[in-house]
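S.K.: Sequence isn't available, so here's the structure alone:
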């Protein structure tokens, strides 16, 4: 089953431009100030530019250099000052514009030039965003940094797909897991812990390893019929949600032609997506009948 979500975004660059006018002065005064030679690691959220935080916006508008990830939307990149230099540091599983080491060096070099640098990262810098490594590298070179969290893909995608990550009837805990293999080709995870029926497990970057994930979870006792949601390009106008189960996970990915970035959510909470959709449709039908 496929559930589509449509999100209205600005149609062109001019519509995304914004100013500080209309914001309370107290908010502007309390916002972080980016000094010359300083780097701000800013979480841009999972895709929808409306999910950008106020602090993130205010820092982007102070930038002289923006070092940007692949998954940051064009609408968010357009919020930078027209004079700000844009450096593309995007990378996917198999394609790298810059390696992580090169990105680290760019941040240091731009800061040493006395630039106000914003490192703009999809989701949250500290949740599978390698922000911790970048901060360590900056500190090793005596460069100050600011970190602004963003809405991570797990919570953004699940909310836009119509279900929570926790629910007192289905899941009392949630675990975020990287589904990307290590350099040695292994995916050495605590599969036994993930097999608990009352736990939601969210796999980032796990699409290519779906068979391994399915096999290991079932081998540790997670039922074959455990619901799974696959959320492709979550929170964007191209969002696609495919509902399946653990046993059918690899076949579903192949059949539906799902591509990265796709979030994988395993657990009973996924069933609430269809339930909530039907309830919402019933409300619409009732309103039409009485209206």
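M.R.: That came in fine, so what should we check first? A quick note: this is a predicted structure, and the numbers were derived from the prediction, not measured.

S.K.: Give the residue spans of the stretch 151-291 of the chain that score low on pLDDT.
M.R.: 181-186, 291 (pLDDT under 70).

S.K.: where exactly do the strands run in it?
M.R.: Assignment of strands within the stretch 151-291 of the chain using DSSP state E, counting those that start in this stretch yields the ranges 173-178, 199-204, 227-232, 240-245, 262-266.

S.K.: just the stretch 1-150 of the chain next, same as before
M.R.: 2-4, 39-43, 65-68, 85-88, 117-121, 145-148.

S.K.: Mind checking the ones you listed for the one nearest to residue 220?
M.R.: Nearest to residue 220, of all the strands of the stretch 1-150 of the chain, is strand 2-4, at 28.8 Å by Cβ to Cβ. For every residue, glycine as well, the C-beta is placed using N, CA and C.

S.K.: Quick check: mean pLDDT of the closest one?
M.R.: The average pLDDT for strand 2-4 rounds to 38.

S.K.: ok, the spatially closest residue to residue 222 that is not a sequence neighbour - contacts?
M.R.: Excluding the flanking residues, the one nearest residue 222 by Cβ to Cβ, 6 or more residues apart in numbering is residue 195, at 4.4 Å. Going by Cβ atoms under 8 Å, 6 or more residues apart in numbering, residue 195 touches 217, 220-222.

S.K.: Now, of those residues, which are buried?
M.R.: 217, 222 (16 or more other Cβ atoms under 10 Å).

S.K.: I'd like the contacts of residue 195 as CSV, with distance to residue 190 appended.
M.R.: Output for the contacts of residue 195, formatted as CSV (distance: Cβ to Cβ, whole Å):
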residue, distance to residue 190
217, 11
220, 9
221, 13
222, 13
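
S.K.: so of the contacts of residue 195, which ones are in helices?
M.R.: With helices taken from DSSP state H, the overlap with the contacts of residue 195 comprises residue 217.

S.K.: how many other residues sit next to the closest residue to residue 276 other than its chain neighbours?
M.R.: In this structure, residue 276 finds its nearest non-sequential neighbour in residue 162, 5.0 Å apart by Cβ to Cβ, 6+ apart. Residue 162: 18 surrounding residues under other Cβ atoms under 10 Å.

S.K.: All further residue positions should be reported with the first residue as 708.
M.R.: Got it, the first residue is 708 from now on, which makes the last one we talked about residue 869.

S.K.: quick one: residue 869 and residue 788, what's the gap?
M.R.: Distance of residue 869 to residue 788, given as Cβ to Cβ, to the nearest Å: 37 Å.

S.K.: How about residue 957?
M.R.: 46 Å.

S.K.: the more surrounded of these two?
M.R.: residue 957 (17 against 13).

S.K.: And that one, how far from residue 765?
M.R.: 44 Å.

S.K.: before we move on, back to that, closest to residue 906 out of the strands of the stretch 708-857 of the chain?
M.R.: Per Cβ to Cβ, nearest to residue 906 of these: strand 709-711, 23.3 Å.

S.K.: Where do the helices of the chain begin and end?
M.R.: Going by DSSP H, the chain shows helices at 720-723, 732-737, 761-767, 781-784, 807-819, 838-847, 860-868, 898-901, 917-926, 956-963, 978-997.

S.K.: Comparing those, which comes out most buried?
M.R.: helix 860-868 (a mean of 24; mean count of other Cβ atoms under 10 Å).

S.K.: so what does that helix touch, helix or strand wise?
M.R.: strand 906-911, strand 934-939, strand 969-973 (3 or more Cβ pairs under 8 Å, 6 or more residues apart in numbering; DSSP states H and E).

S.K.: Which one of the ones you listed lies nearest to residue 886?
M.R.: strand 906-911 (3.9 Å).

S.K.: Go ahead and name everything in contact with that closest one.
M.R.: So strand 906-911 is contacted by 835, 860-861, 865, 872-873, 877-887, 900-901, 920, 924, 970-974, 976 (Cβ under 8 Å, 6+ apart).

S.K.: Show the buried residues in those.
M.R.: Buried among those (16+ other Cβ under 10 Å): 835, 860-861, 865, 872, 877-878, 881-884, 886, 901, 920, 924, 970-974, 976.

S.K.: Nearest residue to the middle of the protein?
M.R.: residue 860 (2.7 Å; Cα atoms, centre = their mean).

S.K.: how close does the nearest residue to that residue once chain neighbours are set aside get to residue 925?
M.R.: Leaving aside its chain neighbours, residue 860 sits nearest to residue 753 (4.3 Å; criterion: Cβ to Cβ, 6+ apart). For residue 753, the distance to residue 925 (Cβ to Cβ) stands at 29 Å.
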